[in-house]
Each structure stands twice: as C-alpha cells, then as structure tokens.
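*Asks:* No letters, just coordinates:
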C-alpha cells in the first residue's frame, strides 16, 4: 500500500500537472471506485466544469480544492489510493482522438476512472485490486463529514504535535508492540509497514518491544528516525516494490536504499547479522536481532 512518501509524491505530481486544470469530462468505468455520492453520475456532475485549485495530503488521503466558473468554491475531490491505486497523466490526449502525432495507450482492464481537461489532456486512474476510493464533497460541507477517516487521523510525522512527550502520553500503559503502534493511523498519520520497519531499525528499537515501556529518549530517537526516513523516501520519489508508480509511470527509488524491509536473510548493513522476518499483528516485519535489542 502506498504510504506517506508515495502519496506525497503523487500529490506533488498532481499539483504540477493539474493545478489550474479545468475538468471538461469525467468517466467512471468502475462504480465501486466512487465512495460518495452514492450515484457515480453525481460524482461526475460535481467535478465537471470545475477548476482544480490545489492538492493537499493528510496521512494517506489526497484532496483537491475545486472552483466553479464564477471562481466560487465547488467542493472537494478526495482520493485514497489504498493498495494499488495510481494516476497516469497523458498530455495531449483528446476525448475522442489523440493529438496529431501523439500515440496514447488504450485504457487497460484495470482503468477505473478517466478525466479530461478542456485542453485535451487526460488524467487516468488505474487500480488493480479495486480497493481505492474517491469522493466528491459538495461545497460548504466539512470534508470530514464525507471522508470520515480524516477525523480519526493522528498528527503528521512532521508536525510539532508529533513529539516524544506526545508519544509517551499516548503509549502510556499499552503492551502492544511498538511496530503495531506505529501502524495505527490514530497515533501518527501516513506511516505503514515499510517506514515503520525502517525507522525502528534507524532508532535501534526492536519492533516487538511493548510500546508503553519505551523511554522518552528512545521515543525521541524514534521520532527523529521516522522523520529522516520519510524525508529521504520523499526525496527519492517513494518506494516501489510492486505496484507504486508516479504520474509518469516511473518507479520510486527508495526501495534500493532500504536497510531491513524485504531483506530477510541478507546481512544487516550495520553489523552483518542476517535480517530477521516474522509476522507481527498480521504484518510482515523485518529487523536486525543484533542492532535492535
């Protein structure tokens, strides 16, 4: 599943390609891709003839502010990529015929949504597993009223509110493993399996450690490690181990820099001991038993 760096990479691509884009036509190919409104035709109607005025990321959610022809608020377009959702930007595509001399790929079997600009460009949404969701939030409605998952999110890892004292208080008395706690979006927004493993390795903390037992200095190391790992991955365009691509179809490059994730049996980059792997709270977990005690 795309995590914070991958979603931020997509946000930046959408901001670059679609900022100021007027949506001329929307086609929903798979109805279950639209979570709200219940009728996908209303989703298409809500987006059509609006202009995209900016993209925001909150955790793993993306939202675009929309504006109508009178430059009035026209609601928001929300997206959650889930496991395999990805956008593909096709410059020069037209609604019926591609621009002269430009060959555009035909929509594949996993294409779920197509959006055309008034300049003939196409933004295509592809989702192999079909778990991704989209919403149109009507004007003047609180976004959390429609995209209810937003209300349950904890602070962003880069926010001042995400601190060692915050973690100490939120984790007080809990016996659940720190790896499981990091995957809880109510504790910290946007972190998933890859960056939980990588940040715990960087902080030298065993993923099985009961979260409530960690000292404030250990939690500060973890906070700093998590921020550093996320920033490095964003700089590399995210991680691609299977499905993730940016808007141009390019893989993320952070995967080749991973220290422990998906490196079971390989030598630890610090001490040379073999990387361990097991399942923790139903998720594959990687760590070094020598460095992370």
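*Replies:* Here it is on my side, so go on. Remember, predicted model here, so these are calculated numbers, not experimental data. Numbering: from 1, shown residues only.
*Asks:* now the helices for this protein?
*Replies:* For the chain, the helices defined by DSSP state H cover 4-18, 40-47, 143-146, 164-170, 178-182, 193-203, 216-235.
*Asks:* So which elements touch the second one?
*Replies:* It stands for helix 40-47. The contact analysis (3 or more CB pairs under 8 Å, 6 or more residues apart in numbering; DSSP states H and E) places helix 40-47 against strand 23-28, strand 34-36, strand 73-80, strand 133-137. For every residue, glycine as well, the C-beta is placed using N, CA and C.
*Asks:* give me that answer again for 6 Å
*Replies:* If you count contacts as 3 or more CB pairs under 6 Å, 6 or more residues apart in numbering; DSSP states H and E, helix 40-47 packs onto strand 23-28.
*Asks:* likewise the fifth one?
*Replies:* For helix 178-182, the contact count by 3+ CB pairs under 6 Å, 6+ apart identifies no helix or strand as a packing neighbour.
*Asks:* and that helix, how far from the chain's centre?
*Replies:* How far helix 178-182 lies from its chain's middle: 18 Å, per CA atoms, centre = their mean, to the nearest Å.
*Asks:* How about residues contacting that helix?
*Replies:* Helix 178-182 is contacted by residues 187, 191, 196, 207, 209, 211, 280, 281, 285 when judged by CB atoms under 6 Å, 6 or more residues apart in numbering.
*Asks:* again, only this time at 8 Å
*Replies:* Helix 178-182 is contacted from outside by 171, 174, 187-188, 191, 196-197, 199-200, 205, 207-211, 214, 222, 226, 280-281, 283, 285, using CB atoms under 8 Å, 6 or more residues apart in numbering.
*Asks:* residues near the residue lying closest to residue 266 once chain neighbours are set aside, how many?
*Replies:* Nearest non-adjacent residue to residue 266, counting by CB to CB, 6 or more residues apart in numbering: residue 275, 5.5 Å away. The tally of other residues near residue 275 (other CB atoms under 10 Å) stands at 22.
*Asks:* residues contacting residue 275?
*Replies:* So residue 275 contacts 260, 263, 264, 265, 266, 267, 268, 286, 287, 288 (CB under 8 Å, 6+ apart).
*Asks:* phi, psi of the third one?
*Replies:* Summarising the backbone geometry of residue 264 under the convention degrees, to the nearest 10, its torsions are phi -60, psi 130.
*Asks:* export the helices of the chain to JSON lines and tack on mean pLDDT and mean neighbour count?
*Replies:* Formatted as JSON lines, the helices of the chain follow (pLDDT from 0 to 100; neighbours: other CB atoms under 10 Å):
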{"stretch": "helix 4-18", "mean pLDDT": "94", "mean neighbour count": "21"}
{"stretch": "helix 40-47", "mean pLDDT": "98", "mean neighbour count": "18"}
{"stretch": "helix 143-146", "mean pLDDT": "98", "mean neighbour count": "16"}
{"stretch": "helix 164-170", "mean pLDDT": "98", "mean neighbour count": "16"}
{"stretch": "helix 178-182", "mean pLDDT": "98", "mean neighbour count": "23"}
{"stretch": "helix 193-203", "mean pLDDT": "96", "mean neighbour count": "25"}
{"stretch": "helix 216-235", "mean pLDDT": "96", "mean neighbour count": "18"}
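*Asks:* Same list (those) but as CSV, adding distance to residue 72.
*Replies:* Listed next are the helices of the chain as CSV, based on distance: least, CB to CB, whole Å:
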stretch, distance to residue 72
helix 4-18, 19
helix 40-47, 14
helix 143-146, 17
helix 164-170, 39
helix 178-182, 41
helix 193-203, 39
helix 216-235, 34
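*Asks:* Just the endpoints, please. Distance across stretch 63-77?
*Replies:* 5 Å (CA to CA, to the nearest Å).
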